[in-house]
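Chemist: Kindly return the folded structure for what I paste below:
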Amino acid sequence: MRRKNLVQFDGSNFYNKVKKILPQTHLTNFDYAKLAQILAKDKAVETVYYVGEIRKYPGNKKSQTLYANQQKLFTALRNQNIKIKLGYLLFSDGKFHEKGVDVQIAVDIVRGAIKNEYDNLYLISSDTDLLPAIKTAKEEGKKIIYVGFEKSISRALQKNCSSHLVLKKSQIVRFAESKRS
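Modeler: A predicted model of the protein is given here:
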């Protein structure tokens, strides 16, 4: 019997980790689908990208630039058959704050475990707020694989997930370059 694999990208978490490693990388060129396939060793892996949706604010050039860049990212993700699930970005005190994304990830971890929508979940996030959902999924007999970045591994996720994988800079470079051309 074929095991069902799911890869979840915590979009802003992933973005910030990659930008720390490769500051010049444009993530609209990233091969998310290939990374998911290699992690799960499955060409038919389901992949979901979670992120706060940027809104354009009148007179705010930064929001308009961010919005345009996010729309390019969404096009790239859709072209790779990756499902996008949105939270939102709250603009307050001159800064954007992501809201609702972690809750959406946690709900999908738990719902998917209870409804038997996956056997193995590859979680690309270092957010320890997800620990209660991870523990629930494991209680349902699911395997949760934490995917962290070298030099910034979450020990709490590493300890509480079924297993873990570490993304190295050389791998990130390969997936960042594979979509160019």
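Chemist: Quick check: the gap between T28 and K43.
Modeler: 23 Å (C-beta to C-beta, to the nearest Å). Every C-beta, even on glycine, is put in place using the N, C-alpha and C of the backbone.
Chemist: which of those two has more neighbours?
Modeler: Each of T28 and K43 has its neighbours counted (other C-beta atoms under 10 Å); T28 has more, 15 against 10.
Chemist: what about this protein, any weak spots by pLDDT?
Modeler: 1-2, 178-181 (pLDDT under 70).
Chemist: for it, what's the longest strand?
Modeler: Longest strand in the chain, counting residues (DSSP state E): strand 83-92.
Chemist: Same question for the very next helix or strand once past that strand: list its buried residues.
Modeler: Per DSSP states H and E, the first helix or strand lying C-terminal to strand 83-92 is strand 95-99. Using 16 or more other C-beta atoms under 10 Å as the test for burial, strand 95-99 gives 96, 98.
Chemist: Also stretch 135-154?
Modeler: For stretch 135-154, by 16+ other C-beta under 10 Å, it's 136-138, 142-149, 154.
Chemist: And those residues, which two are furthest apart?
Modeler: With C-beta to C-beta as the measure, no two of these lie farther apart than T136 and F149, at 25.0 Å.
Chemist: re the thing from before, for the longest strand of the chain, C-alpha coordinates in PDB please.
Modeler: C-alpha atoms of strand 83-92 as PDB (Å, rounded to 0.1, in the frame of the first residue of the first chain):
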ATOM      1  CA  LYS A  83      -1.600  24.600  -2.900                       C
ATOM      2  CA  ILE A  84      -1.500  28.000  -1.300                       C
ATOM      3  CA  LYS A  85      -3.300  28.700   2.000                       C
ATOM      4  CA  LEU A  86      -3.500  32.200   3.300                       C
ATOM      5  CA  GLY A  87      -3.500  34.000   6.600                       C
ATOM      6  CA  TYR A  88      -3.200  37.800   6.500                       C
ATOM      7  CA  LEU A  89      -0.700  40.500   7.300                       C
ATOM      8  CA  LEU A  90      -1.800  43.100   9.800                       C
ATOM      9  CA  PHE A  91      -0.200  46.600   9.300                       C
ATOM     10  CA  SER A  92       0.200  48.300  12.600                       C
END
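Chemist: Could you list every helix and strand that that strand packs against?
Modeler: Counting contacts by 3 or more C-beta pairs under 8 Å, 6 or more residues apart in numbering; DSSP states H and E, strand 83-92 is packed against strand 46-53, helix 61-79, strand 95-99, helix 101-114.
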